[in-house]
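Visitor: Show me the folded form of this:
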Amino acid sequence: MPYFDTASAAPLHPVARQALQASLDEGWADPARLYREGRRARLLLDAAREAAAEAVGCRPDELVFTPSGTHAVHTGIAGVLAGRRRVGEHLVVSAVEHSSVLHAADAHAARGGTVTEVPVDRSGAVAPAGYADALGPSTALACLQSANHEVGTVQPVAEVAEVCGAAGVPLLVDAAQSLGWGPVEGAWSVLVGSAHKWGGPPGVGLLAVRKGVRFAAQVPADERESGRSPGFGNLPAIVAAAASLRAVRAEADAEAARLRVLVDRIRRRVVRLVPDVEVVGDADRRLPHLVTFSCLYVDGETLLHELDRAGYSVSSGSSCTSSTLTPSHVLRAMGVLSEGNVRVSLPLGTTAEEVNGFLDVLPGAVAGVRDRLGMTTPSAAPVPPVADSVEVDALGLLCPQPVIELARAIVTVPVGGTVTVLSDDEVARLDIPAWCVMRGHAYLGEAERPTGVAYTVRRLL
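Guide: Numbering: from 1, shown residues only. Prediction:
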């Protein structure tokens, strides 16, 4: 039963398991105490901090452990914004940051601060010039992920850090997805990570704040973790997290080269095996273990269930799921198709046989879902045009039905003719323009109607 969702949480690394079991015996005492059990626990905590700092590329006294990666994000953003309050209340983030960063930005805006989102291109990457344009004299902090959690695109952190440094603005980097593969390049100011992303136990995050960065902790004073993460930390989990980070780093180069070959195989073959599929994210500047693709005319939730029944655990940023009926903010910012979205993120040790098995199962799973939706192929036998302009009523239909209705209608107008789809599904605002790019038609825009939104498409082929 292959598990292909390490971007959400990686299986516990064997070294983490060993370290956790050992430290349960040795690291249960309070490391702040002076008796022998406390001193023993303190030695374990100090060793874990040194190992984690070495992997991050900072000084041990710059790094603290937190209860989670999300906690580290919120602590880091709030601390820098408070420490630089005299500079201003302006925060800059990319449009594809993890939700924890965007939630922190929303909270900052609710308190009266200002937030600027830097857009991304169709591959999901920011341009350093976008940050240069967004920064201003009142900017207190900029945030940028090292690599995207949904599509794997690696961001130009070093270049953005240079832009921020020239403007005197600290850069916080969310390195949760990439830290297991190597250190983050560039002169970043603050860095956060999460142990369960690299095979450590859940419930351990890390926060590194460079010396010289103004930081005011927004929690009650506490003698632990430099006052930035109060409370008695889970020392056995911290030790296991640091041990597993060191272990995955030791095998990262070899494993990255091996997994990149397997991911390249998925990227090449999925578009040959399944009609009307778009692989999203940067083809070159990407994480070695992650690939994301979107399938036209597919209900994302149903597709994930089909793959799960076939024994493959994958994830999705699709809007077509029961948990969210709004488009993924990452896919929306990229301007790519959100329906039928599948994210495959391979764990360490994944075999070629497991990947080949997934590729054998995928075409039948997609075809089965399309059959149930009544959309076997969008370009079947030619249909004589019935009118120069057609309007389709898709009110009440949810993703992917509005796009399916558009695909059925486009063949009923001549080349140069138009189809207008009336829809009240929010996802249509993203998926109809993305469909036009994939199918080679012209998206003419949208217009509000009393009952929904009218999206107009011109047939070009």
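
Visitor: Check for me that Val192 belongs to a helix.
Guide: No. If the criterion is DSSP: H, G, I helix; E, B strand; the rest coil, then Val192 is strand and not within a helix.

Visitor: From Leu287, how far out is the closest residue to it other than its chain neighbours?
Guide: Leaving aside its sequence neighbours, Val192 sits nearest to Ala72 (Cβ to Cβ, 6 or more residues apart in numbering; 4.0 Å). No exception for glycine: its C-beta is placed from N, CA and C like everyone else's. Distance, Ala72 to Leu287, using Cβ to Cβ, to the nearest Å: 20 Å.

Visitor: So between these two, which is more surrounded?
Guide: Ala72 (29 against 26; other Cβ atoms under 10 Å).

Visitor: The more buried one: helix or strand, and which one exactly?
Guide: For Ala72, the element it lies in under DSSP states H and E is helix 69-83.

Visitor: That helix: how far from the chain's middle?
Guide: 19 Å (Cα atoms, centre = their mean, to the nearest Å).

Visitor: which residues touch it?
Guide: Here helix 69-83 makes contact (Cβ atoms under 8 Å, 6 or more residues apart in numbering) with 66, 89, 91, 98, 100-101, 103-105, 108, 113, 140-141, 143, 170, 172, 174, 176, 189-190, 192-197, 205-207, 209, 213-219, 228-229.

Visitor: So which of those residues belong to strands?
Guide: Counting by DSSP state E, the contacts of helix 69-83 place 66, 91, 140-141, 143, 172, 174, 190, 192-194, 205-207, 209 in strands.

Visitor: Can you tell me which of those residues lies closest to Leu303?
Guide: Distance ranking of these against Leu303, using Cβ to Cβ, places Ser194 first at 27.4 Å.

Visitor: where in this structure is pLDDT low?
Guide: 318-326, 376-383 (pLDDT under 70).

Visitor: which ones are touching Gly113?
Guide: Contact analysis of Gly113 by Cβ under 8 Å, 6+ apart lists 81, 89-91.

Visitor: same deal with Gly281?
Guide: Here Gly281 is in contact with 123-124, 148, 151-153, 290-292 (Cβ under 8 Å, 6+ apart).

Visitor: Over to Pro220?
Guide: Taking Cβ under 8 Å, 6+ apart as the test, what Pro220 contacts is Pro230.

Visitor: same check, this time on Arg86
Guide: Arg86 neighbours (Cβ under 8 Å, 6+ apart): none.

Visitor: Give me the three-state assignment for it.
Guide: Assigned by three-state DSSP, the conformation of Arg86 is coil.

Visitor: With the one 10 residues further on instead?
Guide: Here Val96 is recorded as coil under three-state DSSP.

Visitor: any idea how far Ala19 is from the residue nearest to it when sequence neighbours are not counted?
Guide: Excluding its sequence neighbours, the residue lying closest to Val96 (Cβ to Cβ, 6+ apart) is Val330, at 4.6 Å. Noted for Val330: a distance of 34 Å to Ala19, by Cβ to Cβ.

Visitor: on that earlier part again, ok, the contacts of Gly281 vs Leu259, which is closest?
Guide: Of the contacts of Gly281, the one sitting nearest to Leu259 (Cβ to Cβ) turns out to be Leu290, at 9.0 Å.

Visitor: What about the closest residue to that closest one other than its chain neighbours, how many residues nearby?
Guide: Spatial nearest neighbour of Leu290, chain neighbours left out: Gly152 (3.6 Å); criterion: Cβ to Cβ, 6+ apart. Number of residues near Gly152 (other Cβ under 10 Å) recorded here: 26.

Visitor: before we move on, what about Asp424?
Guide: Residues within reach of Asp424, counting by other Cβ under 10 Å, total 15.

Visitor: Give me the nearest residue to it, chain neighbours excluded.
Guide: Gly452 (3.8 Å).

Visitor: One more: Cys399?
Guide: Nearest residue to Cys399, sequence neighbours excluded (Cβ to Cβ, 6+ apart): Val427, at 4.1 Å.

Visitor: domain parsing for this structure?
Guide: 14-250, 252-372, 389-458 (automatic domain parsing).

Visitor: ok, back up a step: so what's the residue nearest to Leu290 up against?
Guide: 7, 177, 281-282, 286-287, 289-292, 345.

Visitor: What of Pro363?
Guide: So Pro363 contacts 273-274 (Cβ under 8 Å, 6+ apart).

Visitor: so where does it fall, helix or strand?
Guide: Counting by DSSP H and E, Pro363 is part of helix 352-372.

Visitor: Show me which positions of that helix end up buried.
Guide: Going by neighbour count (16 or more other Cβ atoms under 10 Å), the buried part of helix 352-372 is 354-355, 358-359, 361-363, 365-366, 369-370.

Visitor: Tell me how far that helix lies from the chain's centre.
Guide: Centroid separation for helix 352-372 versus its chain: 24 Å, with Cα atoms, centre = their mean.

Visitor: In PDB, could you pull the C-alpha coordinates for that helix?
Guide: The C-alpha trace of helix 352-372 is given here as PDB (Å, rounded to 0.1, in the frame of the first residue of the first chain):
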ATOM      1  CA  ALA A 352      10.300   2.000  -9.400                       C
ATOM      2  CA  GLU A 353       7.800  -0.800  -9.100                       C
ATOM      3  CA  GLU A 354       5.600   1.200  -6.800                       C
ATOM      4  CA  VAL A 355       5.700   4.200  -9.200                       C
ATOM      5  CA  ASN A 356       5.000   1.900 -12.200                       C
ATOM      6  CA  GLY A 357       2.000   0.400 -10.300                       C
ATOM      7  CA  PHE A 358       0.600   3.900  -9.700                       C
ATOM      8  CA  LEU A 359       0.900   4.700 -13.400                       C
ATOM      9  CA  ASP A 360      -0.800   1.500 -14.300                       C
ATOM     10  CA  VAL A 361      -3.800   2.300 -12.100                       C
ATOM     11  CA  LEU A 362      -4.100   6.000 -12.800                       C
ATOM     12  CA  PRO A 363      -5.600   5.900 -16.400                       C
ATOM     13  CA  GLY A 364      -8.400   3.500 -15.400                       C
ATOM     14  CA  ALA A 365      -9.200   5.600 -12.300                       C
ATOM     15  CA  VAL A 366      -9.500   8.800 -14.200                       C
ATOM     16  CA  ALA A 367     -11.500   7.200 -17.000                       C
ATOM     17  CA  GLY A 368     -13.900   5.700 -14.500                       C
ATOM     18  CA  VAL A 369     -14.500   9.000 -12.900                       C
ATOM     19  CA  ARG A 370     -15.100  10.700 -16.200                       C
ATOM     20  CA  ASP A 371     -17.500   7.900 -17.300                       C
ATOM     21  CA  ARG A 372     -19.600   8.500 -14.200                       C
END
